[in-house]
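**Q** Quick check, what structure comes out for this input:
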Amino acid sequence: MLKDFKAFIMRGNVLDLAIAVVIGAAFGGVVKSLVDDIIMPPIGLALGKVDFSNLYVLLRDGPKTAAPYASLAEAKAAGAVTLSYGVFLNSVIGFLIVGAAVFAIVRVATRVVGKPVPDAPHTKNCPFCVSSIPLGATRCPHCTSQL
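**A** Modelled structure (predicted):
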């Protein structure tokens, strides 16, 4: 069983998938930092010094203290129930950046690799019964017509 497991792990597809997951996790961290630390602060300044990660709607006060709360973290610490749409907005922007990056990588890769050349056909259709037959056939195996 250990030998089969080792053979399974050493297959190319499993290693490729493992590498993709590790690189994807690292890329996710970079994108999160890009969104939270580079993109959102200028947008927040342009919209009047808004910190998107602190945008929320208070659904119910916390049992520890009553509103108003200075930040989302303060509301969460007080046990308040919130609808954190700012965090969601940051996640959507992060998703769009990841989607654009993956699109760009796939587009470049398809240009580098090129379009696959289609294989030459190995079969033809019988003119009598329209069945698929080998190119070199002189008699159709389906309707036995002479070709």
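
**Q** how about the strands of this protein, start to end?
**A** In chain order, the chain shows strands spanning 57-60, 81-83, 123-125, 132-134, with DSSP state E as the criterion.

**Q** Please work out which residues outside the second one touch it.
**A** Applying CB atoms under 8 Å, 6 or more residues apart in numbering, the set of residues contacting strand 81-83 from outside is 56-60, 62, 72, 75-76. Placement of C-beta: from N, CA and C, glycine included.

**Q** re the thing from before, between the strands of the chain, which one is closest to Val113.
**A** strand 123-125 (27.6 Å; CB to CB).

**Q** to the chain's geometric centre, what's the distance from the closest one?
**A** Centroid displacement of strand 123-125 relative to its chain, using CA atoms, centre = their mean, to the nearest Å, is 40 Å.

**Q** ok, Ala67 to Leu96 distance?
**A** 32 Å (CB to CB, to the nearest Å).

**Q** Lys32 now?
**A** Summarising the geometry, the distance separating Lys32 from Leu96, computed by CB to CB, is 13 Å.

**Q** can you pull the contacts of Leu55?
**A** By CB under 8 Å, 6+ apart, the contact set of Leu55 is 72, 84-86, 89.

**Q** Below-threshold pLDDT in the chain: ranges please.
**A** Applying pLDDT under 70 to the predicted model, the residue ranges of the chain that meet it are 12.

**Q** longest helix anywhere in it?
**A** The helix spanning the most residues in the chain, taking DSSP state H as the definition, is helix 85-113.
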